[in-house]
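*Asks:* just the structure for this:
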Amino acid sequence: MKLLDSLPILISISRIALHVNATFPAIRSPQLELWFPGPDESQVADFMQDVHAQSLPETDAPRRHGCFPLGLGSSSTSRTRSIISPVPHAEAVKSFRGLFHSKRTLDDRATFLTGVFRYLAVASGAGELTEDLVLSWCHALAEACFDPDNHPAHRLLIYNGLHTLILQNYRNDHLTPQIYFAAQQIEASKTIWDALQGPDGLTAVTEWWRETFFPEKGFSAKWDSWENINQLLRNEPNLSNLREAIKNGWSGPDLVNGLRSMERIFSNPPPKNVSAETRVAAIGLLSRAMFKTKQIRTEVFNSITRLLDQNNHFLFPHEETLLDNLARTDRS
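*Replies:* Model (predicted):
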């Protein structure tokens with residue numbers, strides 16, 4: 001099945017265990033595990049914690065590691081067993097704009113957005129956000145994208161976050177096309193891509209901007225470096241078998257299990273513990289097989305052919321283009 005029929009946002013959430021005595025009703029979310037590139041989890045402030053602090057008088061605002069103990073694990077992976085939110089979800093989206101603009105540095109904004117995506121992945125995936133709230137989030141995030149002060153890397157982070165939200169809400173035929181429309185508005189914005197053409201923009205988002213927005217050009221040079229890719233994906237559990245297969249020379253059960261994991265990552269309906277970035281990274285790992293032995297290339301080619309079968313798998317347009325390019329490379 002192709003993309004435009006159904007689609008959900010956002011990226012992930014860190015290992016957070018918030019235990020708060022608050023006057024608001026607690027909001028709990030079940031376990032969800034997602035990976036995405038970004039700041040170390042130990043550097044990611046919990047978004048709802050920020051919202052709660054903003055909602056209190058300054059003298060009552062809790063210290064970050066005081067009454068909000070965070071159980072944070074290794075970087076880049078979100079394994080959230082439960083979130084207890086001190087404020088209603090509606091208050092969170094209302095607070096986003098002010099909190100976003102209060103982050104003055106590039107790193108602070110990236111860290112803040114990562115926290116937002118962690119929150120949204122769990123809350124949306126658990127069905128705790130109404131359709132109106134999700135659409136409010138789409139509007140708020142798109143508005144942040146069009147802020148002239150926003151860095152291209154942050155715009156791309158938001159764009160990919162919307163695609164993760166699409167994955168989270170895949171079965172909602174009414175909501176997902178509206179999320180996708182918000183993502184398309186971002187993609188169509190000429191000002192964003194003008195900024196990306198500058199050296200600063202390209203450097204900041206090299207791993208993802210070309211693969212996402214210009215997939216017909218294939219993977220950027222950064223994906224040629226195993227050291228770079230292995231470091232980038234070191235905490236992505238869905239790709240561990242394929243990474244092991246590459247380290248072991250593309251042989252043994254790790255390759256079989258790795259290619260099997262690709263079937264799950266791109267299955268229809270898509271799993272909720274896979275982010276938009278994980279999906280691109282998975283294809284990037286497959287691209288490394290194109291210069292191996294004929295037997296390995298044949299196995300990977302057969303896997304790609306199965307993934308392109310849209311009756312059993314779900315692909316975004318840029319993913320289909322990336323896979324199709326790999327298939328043509330193998331045939332040439």
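
*Asks:* which stretches of the chain form strands?
*Replies:* For the chain, strands defined by DSSP state E occupy the ranges 32-35, 77-80.

*Asks:* rank those strands by mean pLDDT and give me the bottom one.
*Replies:* Sorting the strands of the chain by mean pLDDT places strand 77-80 lowest, at a mean of 40.

*Asks:* point out where the stretch 1-150 of the chain drops to low pLDDT.
*Replies:* 1-33, 38-45, 55-87 (pLDDT under 70).

*Asks:* all helices of it, in order?
*Replies:* 47-55, 89-102, 106-125, 131-145 (DSSP state H, counting those that start in this stretch).

*Asks:* Ile265: which of those helices is closest?
*Replies:* helix 106-125 (15.9 Å; C-beta to C-beta). No exception for glycine: its C-beta is placed from N, CA and C like everyone else's.

*Asks:* show me how far the closest one is from its chain's centre.
*Replies:* In terms of C-alpha atoms, centre = their mean, to the nearest Å, the centre of helix 106-125 is found 10 Å from the chain centre.

*Asks:* which parts of it are buried?
*Replies:* 109-125 (16 or more other C-beta atoms under 10 Å).

*Asks:* what sits closest to Glu277 if chain neighbours are left out?
*Replies:* Of all residues not flanking Glu277 in the chain, Phe36 sits nearest, at 5.1 Å (C-beta to C-beta, 6 or more residues apart in numbering).

*Asks:* state the distance from that neighbour to Ile158.
*Replies:* Distance, Phe36 to Ile158, using C-beta to C-beta, to the nearest Å: 12 Å.

*Asks:* for His101, same thing?
*Replies:* Separation of His101 from Ile158 (C-beta to C-beta) stands at 14 Å.

*Asks:* neighbour count: those two, which is higher?
*Replies:* Ile158 (25 against 13; other C-beta atoms under 10 Å).

*Asks:* so the more buried one versus Ala281, what's the distance?
*Replies:* 18 Å.

*Asks:* same thing with Pro237?
*Replies:* 12 Å.

*Asks:* so those two - more neighbours on which side?
*Replies:* Ala281 (27 against 15).

*Asks:* residues in contact with the residue nearest to that one when sequence neighbours are not counted?
*Replies:* Spatial nearest neighbour of Ala281, chain neighbours left out: Leu233 (5.7 Å); criterion: C-beta to C-beta, 6+ apart. Leu233 is in contact with Trp35, Leu239, Arg243, Ala281, Leu285, counting by C-beta atoms under 8 Å, 6 or more residues apart in numbering.

*Asks:* and for the nearest residue to the last one once chain neighbours are set aside, the neighbour number?
*Replies:* It stands for Leu285. Using C-beta to C-beta, 6+ apart and skipping the chain neighbours, the partner closest in space to Leu285 is Leu242 (5.0 Å). Leu242: 27 surrounding residues under other C-beta under 10 Å.

*Asks:* so which bits of stretch 232-245 are buried?
*Replies:* In stretch 232-245, counting by 16+ other C-beta under 10 Å, buried: Leu232, Leu233, Asn235, Glu236, Asn238, Leu239, Ser240, Asn241, Leu242, Arg243, Ala245.

*Asks:* ends of that stretch, how far apart?
*Replies:* Using C-alpha to C-alpha, to the nearest Å, the end-to-end distance of stretch 232-245 comes out at 16 Å.

*Asks:* again with stretch 224-238
*Replies:* Start-to-end, stretch 224-238 (C-alpha to C-alpha) is 21 Å.

*Asks:* roughly how far out does that stretch sit from the chain middle?
*Replies:* Worked out by C-alpha atoms, centre = their mean, stretch 224-238 lies 15 Å from the chain centre.

*Asks:* and stretch 259-277, by the same measure?
*Replies:* Using C-alpha atoms, centre = their mean, the offset of stretch 259-277 from its chain centre is 13 Å.

*Asks:* thanks a lot, see you next time.
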